[in-house]
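Asks: build me a model:
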Amino acid sequence: MSRRVGFLFICSAVIPIAVFAATAWACGTLVTLSASPKAAAPNATVTVTGRNYGNPPDFTNVQLRWNSRTGPVIKEVTPLELLTGTQVSVPASATPGWYVINATQFRITGPSAGTAKTGSPGRTTVRVQGSAASSNAPWGAAKPTGSGGPGGLDLPLPGILLSVALLATGLTLVARDRGKKARPALGV
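Replies: The predicted structure is shown next:
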């Protein structure tokens, strides 16, 4: 009986892991974006770097937008400039808190012209602290932005831990039950 329960635990663990893996890599190459430093004052300069953006003439330049996909464009750069790092200024009107920088690129040619590049926008966070007058103040630790999965994808850690626990329990039950079964003698 415990062997059947063990197989049930194993199946319960493998299915969510397989679904997560298929979902995480279904989009192909995801664009990435990062900012340094992760905390800044209004009017301060932040270096933004990104990878996996398409090159003109098939794609537009990359638009860096403040706080949403439709927010104000704070800079427009080529994919090469973004790869090597580009300087952007935190808006003077930014109040203390967490903000998102989005980097979107659009296709120019082909049947999907005008649509966003597959795997975009790239996103990163910046914490605005203080005011422009206190830009020399020391900053606290920045908020962690994820586990560094594919394209910066945040992994659903509780689901993965539950799946690993189910898998371990199932394997233990199957292995424990194996030793208890009496094996029939051959040739009787």
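
Asks: what is the burial count for the closest residue in space to residue 72 that isn't next to it in sequence?
Replies: Closest residue to residue 72 in three dimensions, ignoring its sequence neighbours and counting by CB to CB, 6 or more residues apart in numbering: residue 66, at 5.3 Å. In this view, the C-beta of every residue, glycine as well, is placed from N, C-alpha and C. Using other CB atoms under 10 Å, the number of residues around residue 66 comes to 19.

Asks: return the distance of residue 66 relative to residue 112.
Replies: The gap separating residue 66 from residue 112 is 26 Å, by CB to CB, to the nearest Å.

Asks: how about residue 51?
Replies: The value you get for residue 51 to residue 112, if CB to CB is used, is 21 Å.

Asks: of the two, which one has the most company?
Replies: Under the criterion of other CB under 10 Å, the comparison of residue 51 against residue 112 puts residue 51 first, with 15 against 11.

Asks: going along the chain, name the helices of the chain.
Replies: Listed in chain order, the helices found in the chain under DSSP state H are 2-24, 79-84, 157-180.

Asks: on contacts alone, who are the packing partners of the longest one?
Replies: When you say that, I think you mean helix 157-180. In terms of contacts (3 or more CB pairs under 8 Å, 6 or more residues apart in numbering; DSSP states H and E), helix 157-180 is packed against helix 2-24.

Asks: state the mean pLDDT of the helix it packs on.
Replies: Per-residue pLDDT values across helix 2-24 average out to 71.

Asks: so, low pLDDT: which residues of this protein?
Replies: Within the chain, the segments meeting pLDDT under 70 span 1-3, 20-28, 131-157, 177-185, 187-188.
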